[in-house]
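Undergrad: Give me a model of this one.
(one chain, ligands or ions: 1)
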Amino acid sequence: MPAPATSGPADADAVVVGAGPVGLLLAGDLAAHGVRVLVVEQLARPMTESRASTLHSRTMEVLAERGVLDRLGPLPNGGPGHFGGIRLDLAEADPGHRHAGQWKCPQTRLEAVLQERAVELGARIRRGRRLVDLADRGDRVLVETVTAGRTADDAEGGTEGGTRERMTGSYVVGCDGWQSTVRTAAGFEFAGRGPAREMLRADVAGIDIPARRFERLEHGLATAHHWPDGTTRVMVHVYGAEPRTRAGAPEFDEVVQAWALVTGEDIGHGTPLWLNAFDDTRRQVTRYRRGRILLAGDAAHAQMPVGGQALNLGLQDAAALGGRLAERLAGRAGDEVLDDYHDERHPVGARTLTNIQAQSALLLGGPEIEPLREVFAELMRFPAVRRRLARMITGLGLPRTTVAPPPATAPAQPPHSPTTEKDRTSTMGKLADKTALVTGSSRGIGRATAQRLAAEGALVAVHYAANESAARETIELIEKDGGRAFGVRAELGVPGDVHELFLGLERGLKERTGTTTLDIIVNNAAVTTPTGVQPEDVTPEEFDRLFAVNAKAPFFIVQRALPLLAEGGRIINISSGLTRVANPDQVAYSMTKGAIEQITLHFARHLAPRGITVNSVAPGITNNGGPVFDIPEAVAQMAQLSAFKRVGEAVDVADVVTFLATHEARWITGAFIDASGGTLLG
Ligand code: NAP
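TA: Predicted coordinates for the structure are as follows:
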């Protein structure tokens, strides 16, 4: 047995106990930050039993930020949810959200993908070892394990008591579920109350009973769900029945009797494939940290698994902890960063436990609860009530962690090397987690737009045609302000233009976010007719060039972006006030802007089912840094056209575009927005 390191570096920076979804997500996050992680798990092999798990919007964001959703592939929508068995469409939390509603993913699949990610990022996973003791020695934690040799399938059997092994970790995180050994061994106070009600669950083959969804019958509650493989999941609760103390799973006979009592149906001839009981225990540790030992997931809180909230709460705990623990380990923050984790997640846990308890009362209460259910159902007819409850369950109403998610790929820097990367600290503006393409953002209105979108937290692709140094300057300005951007070069209006643009765009997005999802497109790049060119002088070549850059390219950019565009995405086309007033010098240019307004109109309708808005913004004369704006007389003359008697600044337009990109503008689509400072007022 190797002796643990009691001086010098610990065996691992972080020992994570438990390789369920919470432990594996945390391990991946820590490893992504360069932390040496060791995961200890008593099951020799991953669980094989798993039906669908429910993932809520906030958890989907967490998984998307880490590239895990891409790995999982498309997930089926879980349909509307419920609150205490009363129908509640969780998409109402934020109908425009990219992951509005709830999503289904088998837990085995989620675990497999999280494990694959954690291992790729450098986490070590030791299975078949059960934690028996641990001791916080002040500078490290001593962890003692024994060979467990258990699998989920022989959970109560299996050999045990083999080799003892000790190891040390600078920190230990218990992600070992509601019966957490870490919690007990470290002496956490687990406050709350024990079970008052219990629900029996079974997957049964060979029965043919009607499907039921949270049916409250005379003697109890019954749910029957048919799985695609022909088996049936039954869940039953007998009103007023005391929870039993039992060593393992309930007997099938118990389920059969309860089911018969509540529904009058006999399922005794069926074959039970899986039996389980859960209750409405409500407990939560009073602190999520004791010295160098922390808890996440069910280890920190026990609750009835209503509507999948337990798993989501746990995954969100892990997401809130990884970055902070990495900061602490790298010496970039003190213990206060770990207390921040407690301060953020304890109230969230308490609130979730309260809503679960309320749901449990509504769901499992006997006839005495009926008046309350009636009043509650009446209240739930109000959209504001439904939205509030949906936000509570989906996690969208919760404060967001102030530490940025880890990069989706392995860290470039060696573990613990100091980093000054700005993108590790979040800006958390209105467009946090969004990605944007701004064409022609090396200068002028495009640059100002890229800066404003980035200031709101978006990762911006700064596109340009040829002026690389100007594009680099835009990126530097964004980064100086703590934002994130990358450059994409592609000349528009030439064959292969859109293809080249998306090659660079997709590569840039993938490297930084792990996905190619695009939230915002600003079609800004354009060429103008040289001044003084009369309509008589416009050549077919010049006309074609104007249309190729200003109209054809934006159309095909939108078309090419369709599969990348997120639900609730935004397309903003930069038009011109010249589509509303006559200026013969600019007839050909204005025609191209008329065309881009048609993109707005028709795509607005086409993309509305996906919650994507499409709008046109029409600037008037706007200072784009061009030489004419250095001539005071010319500027004074141009200023007379605006009701405000000044020329527009690029940021005047950029602010309007940025507003259209936010959630607040979700109800505007197909619109022509004049941003000309009242030029059209006459
Ligand atoms: P600008 O300063 O002239 O900048 C044009 C941008 O578009 C640059 O980033 C340029 O990239 C890019 N670009 C030009 N031709 C391109 C091509 N063929 N392929 C790819 N990129 C190309 O523009 P602006 O004056 O700010 O105007 C921005 C938008 O507002 C345009 O749609 C324009 O029609 C509209 N608008 C402007 C005004 C105004 O007074 N400024 C008024 C009404 C409407 P490089 O730097 O690499 O050349």
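
Undergrad: what about the nearest residue to residue 24 once chain neighbours are set aside, which helix or strand?
TA: With sequence-adjacent residues excluded and distances taken as CB to CB, 6 or more residues apart in numbering, residue 24 is closest to residue 114, at 3.7 Å. Using the backbone N, CA and C atoms, a C-beta is placed for each residue, glycine as well. Here residue 114, judged by DSSP states H and E, is contained in helix 107-120.

Undergrad: quick one: buried residues of that helix?
TA: Within helix 107-120, the residues that count as buried by 16 or more other CB atoms under 10 Å are 107-111, 113-115, 117-119.

Undergrad: From those residues, pick the one nearest residue 138.
TA: residue 118 (28.2 Å; CB to CB).

Undergrad: surely that closest one meets residue 38?
TA: No: applying CB atoms under 8 Å as the test, residue 118 and residue 38 come out as separate, 10.9 Å apart.

Undergrad: what does this structure put close to the ligand?
TA: 440-446, 464-467, 470, 491-493, 524-527, 549, 574, 576, 619, 621-622, 624 (CB under 6 Å from any ligand atom).

Undergrad: Of these, keep whichever come out buried.
TA: Judged by 16+ other CB under 10 Å, buried ones among the residues of the chain next to the ligand: 440-446, 464-465, 470, 492-493, 524-527, 549, 574, 576, 619, 621-622, 624.

Undergrad: so of these, which ones are in helices?
TA: 444-446, 470 (DSSP state H).

Undergrad: State the pair within these that is farthest apart.
TA: Farthest pair in those (CB to CB) is 445 and 470. Separation: 13.3 Å.

Undergrad: burial measure for residue 476, as a count.
TA: Residues lying near residue 476 (other CB atoms under 10 Å) number 11.

Undergrad: my bad, residue 535
TA: 11.

Undergrad: Could you do the one 5 residues further on as well?
TA: When counting by other CB under 10 Å, one arrives at 7 neighbours for residue 540.

Undergrad: Need the per-residue pLDDT for it.
TA: Looking at residue 540, its pLDDT stands at 95.

Undergrad: Then the one 5 residues further on?
TA: Listed pLDDT for residue 545 reads 96.

Undergrad: in which helix or strand would I find it?
TA: Counting by DSSP H and E, residue 545 is found in helix 540-547.

Undergrad: what's the answer for residue 345, then?
TA: Going by DSSP H and E, residue 345 is part of helix 336-364.

Undergrad: Quick check: the gap between residue 278 and the ligand.
TA: Per CB to the nearest ligand atom, to the nearest Å, residue 278 is found 59 Å from the ligand.

Undergrad: To clarify, my last question referred to residue 67.
TA: In this structure, residue 67 and the ligand are 30 Å apart, going by CB to the nearest ligand atom.

Undergrad: Residue 320 too?
TA: Counting by CB to the nearest ligand atom - residue 320 and the ligand are separated by 39 Å.

Undergrad: pLDDT of the helix or strand encompassing residue 615, averaged?
TA: Element membership for residue 615, per DSSP H and E: strand 613-619. Averaged across strand 613-619, pLDDT comes to 98.

Undergrad: With stretch 265-273 instead?
TA: 96.

Undergrad: centre of the chain versus that stretch, how much separation?
TA: 40 Å (CA atoms, centre = their mean, to the nearest Å).

Undergrad: Using PDB, list the CA coordinates for that stretch.
TA: The C-alpha coordinates for stretch 265-273 follow below in PDB (Å, rounded to 0.1, in the frame of the first residue of the first chain):
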ATOM      1  CA  GLU A 265     -55.800  -2.700 -11.100                       C
ATOM      2  CA  ASP A 266     -53.800  -6.000 -10.600                       C
ATOM      3  CA  ILE A 267     -50.200  -5.900 -11.800                       C
ATOM      4  CA  GLY A 268     -49.200  -8.900  -9.700                       C
ATOM      5  CA  HIS A 269     -48.700 -11.100 -12.800                       C
ATOM      6  CA  GLY A 270     -46.000  -8.700 -14.200                       C
ATOM      7  CA  THR A 271     -42.300  -9.100 -13.800                       C
ATOM      8  CA  PRO A 272     -40.600  -6.400 -11.800                       C
ATOM      9  CA  LEU A 273     -37.300  -5.200 -13.500                       C
END
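
Undergrad: ok so, going back, from the rest of the structure, what touches the strand holding residue 615?
TA: Applying CB atoms under 8 Å, 6 or more residues apart in numbering, the external contacts of strand 613-619 come out as 445, 569-577, 579-580, 593, 596-597, 599-600, 603-604, 607, 648, 652-653, 656-657, 660, 665-666, 668-676.

Undergrad: Narrow these to just the buried residues.
TA: 445, 569-577, 579-580, 593, 596-597, 599-600, 603-604, 607, 648, 652-653, 656-657, 660, 665, 669-671, 673-676.

Undergrad: can you give me how far the worst-scoring helix or strand of the chain on mean pLDDT is from the chain middle?
TA: Within the chain, no helix or strand scores below strand 52-56, which has a mean of 86 by mean pLDDT, DSSP states H and E. Strand 52-56 has its C-alpha centroid displaced from the chain centroid by 13 Å (CA atoms, centre = their mean).

Undergrad: hmm, who's touching the next helix-or-strand element following that strand?
TA: Of the helices and strands lying after strand 52-56 in sequence (DSSP H and E), the nearest is helix 57-65. Contact with helix 57-65 is made by 25, 55, 69-70, 72, 90, 93-94, 97-103, 311-312, 315-316, 319, 394-396, 398, 405, 408, 433, 513, 515, 517, as judged by CB under 8 Å, 6+ apart.
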